[in-house]
Structure formats: C-alpha cells, structure tokens
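Trainee: The following comprises the amino acid sequence and a computationally predicted model.
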Amino acid sequence: DVKVTQSSRYLVKRTGEKVFLECVQDMDHENMFWYRQDPGLGLRLIYFSYDVKMKEKGDIPEGYSVSREKKERFSLILESASTNQTSMYLCASRGADVFYGYTFGSGTRLTVV
Amino acid sequence: SQQGEEDPQALSIQEGENATMNCSYKTSINNLQWYRQNSGRGLVHLILIRSNEREKHSGRLRVTLDTSKKSSSLLITASRAADTASYFCAGDSWGKLQFGAGTQVVVTP
C-alpha cells in the first residue's frame, strides 16, 4: 500500500525552538507539498517542491523553510517556532500527472508553547 | 488564499439519506477534486473532475462541475454512518491545490 509518512503524530515545542517536520513518500512522486490546517480556514499551502532541490513558495511561507535533498523526503523547517504556528501540518505528494489526486500523510499536530 | 468555499459548513442527515454539498472557486482550474477527512487525520482523495467534464460518478459519489459559474457539487447517495467526516473541495491551478474550508457531515444511524 503506497503511503506518505509523517514522522511525528503529535509534537510540543517551545517558542524560539527550531522545529523539523519530516515527510517521506514511497511512490517515487515528483511533487511534494506542505499544508497547514486551521479551523475555519481549511488547508493553506506553505511550500511545495516539484523536484529534488527545487522549492516554491505557497500562500503562507513566512516563518517556514523547506528542504528536499532526496526525492522521497520533504522536510518543513520552522526556523524559530512561535505560538501562531500551532497547527495541524499535512504533507502530500503527487506524481507528474496533474489529473491524479494527492496522497496525504496522517498529519502532525504541532503545539508551540 | 482559499480557492474553494463550501456550502453548507455543516450538514446533519440520517442514514440512507442523500448528502449534497456545494463548492465555489475563484480562479481558472485544470481540474477540481474532492477529499474526505476523518477526525484529526489526513485527507483521502475521493474523486477528480476535469475542467472539460460536467459530471462524474464513482460508486455512491456524483460530482458536477459548472465552469461558467465556477462551482461544483458533491452528492453522496444512500449515506452511511461511516460517511461521517469533513469534505473538502480543491481547485487545481498549475499543479497546486487550493482548498476550501470544508463541509462537516454527520450521518446518524
């Protein structure tokens, strides 16, 4: 069964810490995405990558960065965590065909205290 | 920015009834997709309709797309308790999905 795996289900971090959220897919997908989900706001795109070492800003990239050193792994980095980054973070991947749905991970619920 | 806006925000029905939810989007799209999310979990892809299609079926799901009105609808027929979830539409523009805020559906036995 193909899957997208997010390394942590729940995470609690302190304000100012550097936080790494890891995402791994086993489908050899070119495209990978990071979203955050907040009540009433739906999912908002933070960053995406269409190839190794490539990255593009989404709608809300401020306070985040990403890394894609290998095709299967896409990391989201919070350089200095703040309380307004408390959220559910969802990683997704998709192959080259745009007429195909995304496969999502189970999500990481991050709390910054 | 949100691409889609779902209506209603919440829907409560009984098993066996049909559930209909609507979605409006803002920009031009290649396709529109619907996803389901069970409480606190990741999203699961349900169905995709291309911009040149008007209607599509998959099992108990029926999706329509009206590009002139920038709107779509999802119909779930003969609903079951297991259909209780949040449903999101998402417009695909240049390979990026933009999601709406979702419709929360509760199906009671």
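Mentor: In hand now; what should we look at?

Trainee: elements contacting the lowest-mean-pLDDT helix or strand in chain B?
Mentor: Across the helices and strands of chain B, mean confidence by mean pLDDT, DSSP states H and E is lowest for strand B:4-7: a mean of 77. Strand B:4-7 makes packing contacts with strand B:19-25, strand B:85-93 when contacts are defined by 3 or more Cβ pairs under 8 Å, 6 or more residues apart in numbering or on different chains; DSSP states H and E. The way it works is simple: take the backbone N, C-alpha and C, and place the C-beta from them, glycine included.

Trainee: Deepest-packed of those, please.
Mentor: strand B:85-93 (a mean of 24; mean count of other Cβ atoms under 10 Å in any protein chain shown).

Trainee: Could you please name the strands that strand pairs with and the direction of each pair?
Mentor: Using DSSP bridges, the strands paired with strand B:85-93 are strand B:31-37 (antiparallel), strand B:96-99 (antiparallel), strand B:103-108 (antiparallel).

Trainee: what is the orientation angle of that strand with strand B:19-25?
Mentor: Angle, strand B:85-93 to strand B:19-25, by axes from the mean of the first three to the mean of the last three Cα atoms, to 10 degrees: 30 degrees.

Trainee: So what touches strand B:85-93?
Mentor: Residues from elsewhere that reach strand B:85-93 (Cβ atoms under 8 Å, 6 or more residues apart in numbering or on different chains): A:42-43, A:98, B:3-4, B:6, B:21, B:23, B:25-39, B:43, B:46, B:72, B:74, B:97-105.

Trainee: Filter those down to the buried ones.
Mentor: Buried by 16 or more other Cβ atoms under 10 Å in any protein chain shown: A:42-43, A:98, B:3-4, B:6, B:21, B:23, B:25, B:29, B:31-37, B:43, B:46, B:72, B:74, B:97-105, out of these.

Trainee: How far away from the center of its chain is the helix or strand containing B:Thr64?
Mentor: Secondary structure assignment for B:Thr64, by DSSP states H and E: strand B:61-66. Strand B:61-66 sits 9 Å away from the centroid of its parent chain (Cα atoms, centre = their mean, to the nearest Å).

Trainee: In chain A, what residue lies closest to chain B?
Mentor: Nearest to chain B in chain A, going by Cβ to the nearest Cβ, is A:Gly101, at a distance of 3.1 Å.

Trainee: which residues touch A:Cys23?
Mentor: A:4-7, A:32, A:34, A:73-76, A:91, A:93, A:105.

Trainee: change it to 10 Å
Mentor: By Cβ atoms under 10 Å, 6 or more residues apart in numbering or on different chains, the contact set of A:Cys23 is A:4-7, A:32-34, A:66, A:68, A:72-76, A:89-93, A:104-105, A:108.

Trainee: Go back to those and keep what's next to chain B.
Mentor: Cross-checking those against chain B (Cβ under 10 Å from any Cβ of the partner chain) gives A:Val4, A:Gln6, A:Phe33, A:Leu90, A:Cys91, A:Ala92, A:Phe104, A:Gly105 as the overlapping residues.
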